[in-house]
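> Based on what follows, work out the 3D shape:
(chains A and B)
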Amino acid sequence: GEKVEQHESTLSVREGDSAVINCTYTDTASSYFPWYKQEAGKSLHFVIDIRSNVDRKQSQRLIVLLDKKAKRFSLHITATQPEDSAIYFCAADTGYQNFYFGKGTSLTVIP
Amino acid sequence: AQTIHQWPVAEIKAVGSPLSLGCTIKGKSSPNLYWYWQATGGTLQQLFYSITVGQVESVVQLNLSASRPKDDQFILSTEKLLLSHSGFYLCAWNTLRDWGGGNQDTQYFGPGTRLLVL
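All right, here's what the predicted structure looks like:
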């Protein structure tokens, strides 16, 4: 089955800098890649996604890049703010209602 | 607007006791429903999904079972809890939408149920 690897387990950045979280996947059939944010003690909150028919998507300060050849996708958070501090999960879906999540990246934005 | 509820909010249960967790979605007809388990500090493991009433597919069972008795309801249960069942249980929903390259759509998660098995 699909395996999603999230490369950074922890990440610290200064407020205003950019944060980048990288994920790789193994199944070439995966075509949908969502990102979620989890604050301490809370559930997952959808932040942004990308589908395999595009290689870049932006929503305000969030940018997602997809490199299908390398089977890699990344989340870029620009102009970080303290409220961006949380655990971020990447995921991949092959289209058969099976979602595979990475292990999460704990992002700390230092004021 | 769609809302998703999970009950109970938290449970402390004894090993060997039964468990029933519930999930209800309002404001959306015929959603796909999912159960996930998250170990403390861990990643999410998809357990079950259902695309219609009465039909449930198992991804990873972990000695749990699931049922969908109504269009808007998804139930996770077991007759005998294990210590390893402790964790955070999340229900999620989405709909199938054909976007020309597949039919996946965004999953939205419920608030979750924290379970501690002692």
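
> The closest residue to B:S65 other than its chain neighbours - how many residues pack around it?
Excluding its sequence neighbours, the residue lying closest to B:S65 (C-beta to C-beta, 6 or more residues apart in numbering or on different chains) is B:S77, at 5.7 Å. Just so you know, the C-beta spots here come from the backbone N, C-alpha and C atoms, and that holds for glycine as well. Neighbour count of B:S77, defined by other C-beta atoms under 10 Å in any protein chain shown: 13.

> ok now do B:S77, which residues does it touch?
If a contact means C-beta atoms under 8 Å, 6 or more residues apart in numbering or on different chains, then B:S77 has B:P18, B:L19, B:S20, B:L21, B:L64, B:S65, B:A66, B:S67 as its contacts.

> Isn't the fourth one up against B:Y89?
Think B:L21. Yes. If you go by C-beta atoms under 8 Å, B:L21 and B:Y89 touch, sitting 5.5 Å apart.

> and for these two, which residues touch both?
Taking C-beta under 8 Å, 6+ apart as the criterion, B:L21 and B:Y89 both touch B:Q6, B:L76, B:T113, B:L115.

> Using JSON lines, please lay out those residues together with pLDDT, secondary structure and distance to B:P31.
Formatted as JSON lines, these follow (pLDDT from 0 to 100; DSSP: H, G, I helix; E, B strand; the rest coil; distance: C-beta to C-beta, whole Å):
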{"residue": "B:Q6", "pLDDT": "98", "secondary structure": "strand", "distance to B:P31": "14"}
{"residue": "B:L76", "pLDDT": "98", "secondary structure": "strand", "distance to B:P31": "16"}
{"residue": "B:T113", "pLDDT": "98", "secondary structure": "strand", "distance to B:P31": "19"}
{"residue": "B:L115", "pLDDT": "97", "secondary structure": "strand", "distance to B:P31": "23"}
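
> The residue nearest to A:K68 when sequence neighbours are not counted: neighbouring residues, count only.
Counting by C-beta to C-beta, 6+ apart, A:K68 lies nearest to A:S52, which is 6.1 Å off, once chain neighbours are set aside. For A:S52, the neighbour count with other C-beta under 10 Å is 18.
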